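Asks: next one to model:
(chains A and B)
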Protein chains: 2
Amino acid sequence: MPKLLNDDARAQALHGLPEWALASDSKSIAREFKFKDFVEAFGFMTQVAIRAQVMDHHPDWSNGYNRVSITLSTHDAGGLTDNDIALAQQIDAIVA
Amino acid sequence: MPKLLNDDARAQALHGLPEWALASDSKSIAREFKFKDFVEAFGFMTQVAIRAQVMDHHPDWSNGYNRVSITLSTHDAGGLTDNDIALAQQIDAIVA
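Replies: The predicted structure follows:
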């Protein structure tokens, strides 16, 4: 199982993910996305889905028309791990 | 704009959609789905996405690993219309 990030490691990792918001309990990070329309939003989700499956680490996410909301946490570990940071980086790369 | 369903029309339509739960405000219907794994869940979502785009009527939905939660409402009309019923029927057909 991946190890929970300690406070220092989490702070350092989030420094490189300025668009992601840390939850008040520090157990997850979240980011909102807005696209032109549904096709663009779901196209983005499809790219994320394939990356997530390759990593075997999956997002909790929601979509309504052109908006996508993503929350990342490692449920088995009870909080943030390197897996969440890696997936967030991949997601940022997709929309970059 | 599609017309809001009146009480009789809504009741009749929902009779054919026994898996869908009517919200307490009667403005939306929702159904939960559980699949074998993420690939199966996202494959289902992809089928729904394509159908929704063809209908130009889109769900509000969320996914976490093998679970998908879908809520249908016609926001422009402020509640349930024939579009929601039609999309729910298409979704039921996908999982049938």
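Asks: for chain A, which residue gets nearest to chain B?
Replies: A:Ser62 (3.8 Å; CB to the nearest CB). The C-beta positions use only the backbone N, C-alpha and C, and glycine is treated the same way.
Asks: which parts of chain A are helices?
Replies: Applying DSSP state H to chain A gives helices spanning A:7-15, A:38-55, A:82-95.
Asks: so which of these comes closest to A:Arg31?
Replies: helix A:82-95 (7.3 Å; CB to CB).
Asks: does anything pack onto that closest one? Which helices or strands?
Replies: strand A:29-34, helix A:38-55, strand A:67-72 (3 or more CB pairs under 8 Å, 6 or more residues apart in numbering or on different chains; DSSP states H and E).
Asks: can I get these in CSV with mean pLDDT and distance to A:Leu5?
Replies: As requested, the helices and strands packed on helix A:82-95 are arranged in CSV below (pLDDT from 0 to 100; distance: least, CB to CB, whole Å):
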stretch, mean pLDDT, distance to A:Leu5
strand A:29-34, 98, 11
helix A:38-55, 98, 16
strand A:67-72, 98, 12
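Asks: out of those, which is the most enclosed?
Replies: strand A:67-72 (a mean of 20; mean count of other CB atoms under 10 Å in any protein chain shown).
Asks: tell me the strands beside that strand, with direction?
Replies: The strands beside strand A:67-72 in its sheet (DSSP bridges) come out as strand A:29-34 (antiparallel), strand A:60-64 (antiparallel).
Asks: contacts for that strand, please.
Replies: A:20, A:23, A:28-35, A:41, A:44-45, A:48, A:59-63, A:80, A:84, A:87-88, A:91 (CB atoms under 8 Å, 6 or more residues apart in numbering or on different chains).
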